[in-house]
Each structure stands twice: as structure tokens, then as C-alpha cells.
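# What shape does this take:
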Amino acid sequence: MSHVQMRIPGCLAAVALLAACGGGHPPTISDLELSSTTVAPGGQVTGQLRIADPDGLGGLKVNLRVTGAGAVPVDQTVSVGNATDALTEALVPFFVQVTLSSPRGDYQAVVTAIDGDGNRSNDVSVAFKIQ
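Predicted structure coming up:
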């Protein structure tokens, strides 16, 4: 059973409104922010990603991998609701829910963006603690 689950609300904060022509460029993640790097079992952490793709954000997905503290590793991919090719950059809000049975300790979260063509971004990671 997974101890961590990622959810993306159905909204994006648009930064750019015109998509470039062409295709095949991977998305990039330039920023990953968390509301806190410490969470209690049963709690949640909110955050946001700044994702850009010159080909547009249509079909965008976010992959989250979490390891640490002897827990079952998490590998979850979530579709981003309002992402369209008319957007080339956006702030993607998310939250991570931690179960009550999560082992306390140090964790590493790695996030990757995947565009509609299957191109993968750079990995961005952040450490957090369940205590």
C-alpha cells in the first residue's frame, strides 16, 4: 500500500499564452516549492511546480516518485486537468497526502513532467520528513 498520494487540483496559473510551432521539445521544471518540508502522519503538504514546454502543455502529466524510511516506494503519474497547447508555461499546484500508517523518517520526492508526446523533463527533487 502506498503511504503517499499526489493530487493536482483542476486549475493552472497561466504564465504564457502562445504556444510555439514545432514539436518534440521536452518540458522543463524550473521550480518546485513545498508549503513545508515536515508533515505528520495523516497530514498533507501543498506545493507548486513551474513547468514550461515550447510545444505547449497539452496532455501534460506529472510523475511523483517517493522513497525513504523503509516505506513502500511510490511511483504515481497524474494528468494535469486544464493544460492545453495554448499554454507554454504554468504554475501547477498540487498536494501530497500522507497516510496515518506512514513510517516516520526522511523521504526523497522526485518529480518529472511528461508532455503529450511522451517527452520527459528534468527531474526535480526535494527532501521532506514525516514526524
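# per-residue pLDDT, residue 10?
Per-residue confidence (pLDDT) for residue 10: 48.
# same thing with the one 4 residues further on?
The per-residue pLDDT reported for residue 14 equals 41.
# Please apply the same query to residue 61.
Note on residue 61: pLDDT of 94.
# who does the closest residue in space to it that isn't next to it in sequence bridge with?
The shortest distance from residue 61 to any non-neighbouring residue, by CB to CB, 6 or more residues apart in numbering, is to residue 114 (4.4 Å). Placement of C-beta: from N, CA and C, glycine included. Per DSSP bridges, the residues bridged to residue 114 are residue 61, residue 120.
# Just confirm residue 114 contacts residue 58, I think it does.
No: counting by CB atoms under 8 Å, residue 114 stays clear of residue 58, with 12.0 Å between them.
# So for the two, which sits in the more crowded spot?
Neighbour count, other CB atoms under 10 Å: between residue 114 and residue 58, residue 114 has more, with 19 against 16.
# Tell me who's in contact with the closest residue to residue 35 other than its chain neighbours.
Nearest non-adjacent residue to residue 35, counting by CB to CB, 6+ apart: residue 46, 4.5 Å away. Contact analysis of residue 46 by CB atoms under 8 Å, 6 or more residues apart in numbering lists 34-35, 93-96.
# Neighbour-wise, which one of those residues leads?
residue 96 (23 neighbours).
# so where is this structure shaky, pLDDT-wise?
Within the chain, the segments meeting pLDDT under 70 span 1-23.
# show me where it has helices.
Counting by DSSP state H, one finds no helices in the chain.
# quick one: the strands in it?
Here the chain has its strands, by DSSP state E, at 4-7, 13-16, 28-34, 38-39, 44-52, 61-68, 74-79, 89-98, 105-114, 124-130.
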